[in-house]
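Trainee: based on what follows, work out the 3D shape:
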Amino acid sequence: MLFLMGLNKYRKGDWRSISRYYVISKTPTQVASHAQKYFNRQTSSTLAGRHRPSIHDIQIGSPIPTPSPKGLLPMTLIHHS
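Mentor: Sure, this is the predicted structure:
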């Protein structure tokens with residue numbers, strides 16, 4: 001999310017500023033690498049061609065995705081006498 005906020009303020013290409021003021025735990029090179037992957041995912045023609053959704057699919061203003069309970073077993077309490 002911080003990457004997207006920095007991208008919104010500094011625009012594409014100013015990786016140093018995004019790294020310095022928003023994603024301070026990453027170097028400008030790491031931010032640029034992330035941006036390249038992010039933009040490739042944004043321009044991909046279909047979501048169906050992907051193996052699974054990614055956190056990198058979010059955009060500013062998108063609702064936060066919630067995991068589905070698919071495949072999870074319900075938890076039961078075990079009482080010991």
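Trainee: in the helix or strand residue 9 falls within, what counts as buried?
Mentor: Secondary structure from DSSP states H and E places residue 9 in helix 2-10. Using 16 or more other Cβ atoms under 10 Å as the burial criterion, the residues of helix 2-10 that qualify are 3-4, 6-7, 10. Every C-beta, even on glycine, is put in place using the N, C-alpha and C of the backbone.
Trainee: stretch 10-20 now?
Mentor: 10, 14-15, 18-19.
Trainee: pLDDT weak spots in the chain?
Mentor: For the chain, applying pLDDT under 70 flags the ranges 45-81.
Trainee: recalculate using a threshold of 90.
Mentor: 1, 38-81 (pLDDT under 90).
Trainee: going along the chain, name the helices of it.
Mentor: Assigned by DSSP state H, the helices in the chain fall at 2-10, 15-21, 28-43.
Trainee: contacts for the second one?
Mentor: Yep, that's helix 15-21 we're talking about. With contacts defined as Cβ atoms under 8 Å, 6 or more residues apart in numbering, helix 15-21 is touched by 3, 6-7, 10, 26-32, 35.
Trainee: okay, those residues in TSV with distance to residue 43 next?
Mentor: Output for the contacts of helix 15-21, formatted as TSV (distance: Cβ to Cβ, whole Å):
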residue	distance to residue 43
3	17
6	20
7	15
10	20
26	22
27	25
28	22
29	22
30	21
31	19
32	17
35	12
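Trainee: just give me the closest of these to residue 41.
Mentor: Set against residue 41, the nearest of the contacts of helix 15-21 by Cβ to Cβ is residue 35 (10.7 Å).
Trainee: my read: the closest one touches residue 7, true?
Mentor: Yes - with contact defined as Cβ atoms under 8 Å, residue 35 reaches residue 7; the gap is 7.3 Å.
Trainee: first-to-last residue distance for stretch 12-27?
Mentor: Between the opening and closing residues of stretch 12-27 lies a distance of 16 Å (Cα to Cα, to the nearest Å).
Trainee: nope, stretch 9-21 is what I was after
Mentor: End-to-end distance (Cα to Cα), stretch 9-21: 10 Å.
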